[in-house]
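A.B. asks: Predicted coordinates and the sequence they were generated for:
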Amino acid sequence: MGLLFVESLPGPKVFKCKFCKVDSASHDAIISKDFHGRFGRAYLFKSVVNISLGPNEDRHLLTGLHTVNDIYCSCCQQILGWRYKIMYAAGEGI
Ligand SMILES: [Zn+2]
């Protein structure tokens, strides 16, 4: 693997990957704290950093059938959550 560019977020309150502690999302980017994913509660963010996207997948969510992508930490490759439309929900890995 080549050099990995890691983006840092400003501010005292930043969500980090729980596996490698790299910054993942700012509190300012939260759209909803009451989102439910496959593994329980999740946060919905309008933007996240240091992630890579999995392939498109059609998934049945509470609000119907949506095309989603799993999102992975770009540093440690652990799953952080998934991308839903243009928003990001991070539950199990943050
Ligand atoms: Zn990580």
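C.D. replies: That came in fine, so what should we check first?
A.B. asks: hey, C-alpha coordinates of stretch 9-21 in PDB?
C.D. replies: C-alpha atoms of stretch 9-21 as PDB (Å, rounded to 0.1, in the frame of the first residue of the first chain):
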ATOM      1  CA  LEU A   9     -11.000  17.200  11.900                       C
ATOM      2  CA  PRO A  10     -11.000  20.400  14.000                       C
ATOM      3  CA  GLY A  11     -12.800  20.700  17.300                       C
ATOM      4  CA  PRO A  12     -12.800  19.000  20.600                       C
ATOM      5  CA  LYS A  13     -15.700  16.700  19.700                       C
ATOM      6  CA  VAL A  14     -14.800  14.400  16.900                       C
ATOM      7  CA  PHE A  15     -16.000  10.800  16.300                       C
ATOM      8  CA  LYS A  16     -13.100   8.500  15.800                       C
ATOM      9  CA  CYS A  17     -12.700   5.000  14.400                       C
ATOM     10  CA  LYS A  18     -12.900   2.800  17.500                       C
ATOM     11  CA  PHE A  19     -10.300   0.500  16.100                       C
ATOM     12  CA  CYS A  20      -7.500   2.800  15.000                       C
ATOM     13  CA  LYS A  21      -8.600   6.100  16.500                       C
END
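A.B. asks: Of all the residues in stretch 70-86, which ones are buried?
C.D. replies: Buried residues in stretch 70-86, defined by neighbour count with 16 or more other Cβ atoms under 10 Å: 70-75, 79-84. Backbone N, C-alpha and C define where each C-beta goes, glycine included.
A.B. asks: Contact residues of the protein facing the ion?
C.D. replies: Counting by Cβ under 5 Å from the ion, the chain comes close to the ion at 17, 19-20, 73, 75-76.
A.B. asks: swap the cut-off to 8 Å and go again
C.D. replies: Residues of the chain lying close to the ion by Cβ under 8 Å from the ion are 17-22, 24, 50, 73-78, 80, 93.
A.B. asks: Turn the buried residues of stretch 70-86 into TSV, including secondary structure.
C.D. replies: Below are the buried residues of stretch 70-86 laid out as TSV (DSSP: H, G, I helix; E, B strand; the rest coil):
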residue	secondary structure
70	strand
71	strand
72	strand
73	strand
74	coil
75	coil
79	strand
80	strand
81	strand
82	strand
83	strand
84	strand
